[in-house]
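> the sequence and its predicted three-dimensional model are supplied below.
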Amino acid sequence: MSDKTMTADEAVSRLSSGMTLGIGGWGSRRKPMALVRALLRSRITDLTVVSYGGPDVGMLAAAGRIRKLVTAFVTLDSIPLEPHYRAARERGAFELTEIDEAMFMWGLHAAANRLPFLPVRAGIGSDVMRVNPGLRTVTSPYEDGETDGETFVAMPALRLDAALVHVNRADRLGNGQYLGPDPYFDDLFCEAADAAYVSSERIVDTAELTKAAPPQTLLVKRHTVTGVVEAPNGAHFTSCAPDYGRDEAFQKTYATTPWPQFAARFLAGGEQAYQSAVREGT
């Protein structure tokens, strides 16, 4: 067992242009924004991004870093449609594969289990099949009286070169813990990826992880993790319950500020500069 701690910039230095990158969290909730900001400070581009999208997708799209997006939605939750994503999409800035939420999940499951696809009912009878003509279907080979002859979508695996996720607590070995009401699918992102980088509000000793919370909260297992980054307030401005809620005032500033001005004001410096700008107010 080894110490996997590194900085956000060190984690991003292991990424490269052209990668397929999975980003955990959900909408504007527990997104690994410190890692996304480090990615924006790099020159990495031409990415295929796989995400239940929020401001991670909006920022990378506005900055012109995305070649292809695979998603079920892109939202800021309290603002239904992510505005910077919408603007980039309206410009035709990247290719889009939009699928059902359950199809997305089963694509991660397939990749995590190193399967080429998994059958799923979601998508059958919907326009998902029309707008994604590359999707295929399979028929159940079993005579069980229920699925005999039933047609399923053959959801292809969403294999990832790398994954970025954020958790409440982690240890130096790569065990990651969530303390909020929803695990989202961060464990699947890590398992579906060749390399996974986990940012955490706090890095603690392994024994501390189960002192105040049950073992079931240890969502991310160390064998799936390549690097661990201590990043207090690292999900800002998204929520990271119970540590903090979404910063609605800052999110509104983000949503209503033209991207060049927002990037110049909040992303031009390093992470300390960003956090200082946040403390100074919007």
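Cool, the structure landed. Numbers count the residues shown, from 1 in each chain.

> and Gly125, helix, strand or coil?
Secondary structure, DSSP: H, G, I helix; E, B strand; the rest coil: Gly125 is coil.

> burial of it, as a residue count?
Around Gly125 there are 9 other residues, counting by other CB atoms under 10 Å. All C-beta atoms are positioned from the backbone trio N, CA, C, and that covers glycine.

> how close does it get to Met155?
15 Å (CB to CB, to the nearest Å).

> do the same with Gly134
Here the criterion is CB to CB. By it, Gly134 lies 12 Å from Met155.

> neighbour-wise, which of the two wins?
More crowded of Gly134 and Met155, by other CB under 10 Å: Met155, with 26 against 6.

> which residues are in contact with that one?
By CB atoms under 8 Å, 6 or more residues apart in numbering, the residues touching Met155 are 99, 103, 106-107, 110, 117-120, 123, 135.

> can you say which helix or strand has it in it?
Element membership for Met155 (DSSP states H and E) is strand 151-156.

> next helix or strand past that strand?
Going down the chain from strand 151-156, the next helix or strand is strand 160-170, by DSSP H and E.

> by contact count, what packs against the helix or strand following that following strand?
Downstream of strand 160-170, the first helix or strand assigned by DSSP H and E is strand 176-177. Packing contacts for strand 176-177, counted by 3 or more CB pairs under 8 Å, 6 or more residues apart in numbering; DSSP states H and E, involve strand 160-170.

> if you set the cut-off to 10 Å instead, what comes out?
Packed against strand 176-177, as judged by 3 or more CB pairs under 10 Å, 6 or more residues apart in numbering; DSSP states H and E, are the following elements: strand 160-170, helix 186-192, strand 193-203.

> turn the ones you listed into JSON lines, including mean pLDDT, distance to Ile79 and mean neighbour count.
Shown next, in JSON lines, are these (pLDDT from 0 to 100; distance: least, CB to CB, whole Å; neighbours: other CB atoms under 10 Å):
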{"stretch": "strand 160-170", "mean pLDDT": "98", "distance to Ile79": "20", "mean neighbour count": "27"}
{"stretch": "helix 186-192", "mean pLDDT": "98", "distance to Ile79": "23", "mean neighbour count": "26"}
{"stretch": "strand 193-203", "mean pLDDT": "98", "distance to Ile79": "24", "mean neighbour count": "23"}
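
> in JSON lines: those, plus distance to Arg43.
Below are the helices and strands packed on strand 176-177 laid out as JSON lines (distance: least, CB to CB, whole Å):
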{"stretch": "strand 160-170", "distance to Arg43": "16"}
{"stretch": "helix 186-192", "distance to Arg43": "24"}
{"stretch": "strand 193-203", "distance to Arg43": "18"}
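
> Thr48 against Gly18, yeah?
Yes - the pair Thr48 / Gly18 is scored as a contact, 8.2 Å apart, by CB atoms under 10 Å.

> now do the shared contacts for these two.
Counting by CB atoms under 10 Å, 6 or more residues apart in numbering, the residues touching both Thr48 and Gly18 are 67, 161.

> between these two, tell me which one has more neighbours.
Neighbours were counted for Thr48 and for Gly18 using other CB under 10 Å; Thr48 has more, 20 against 12.
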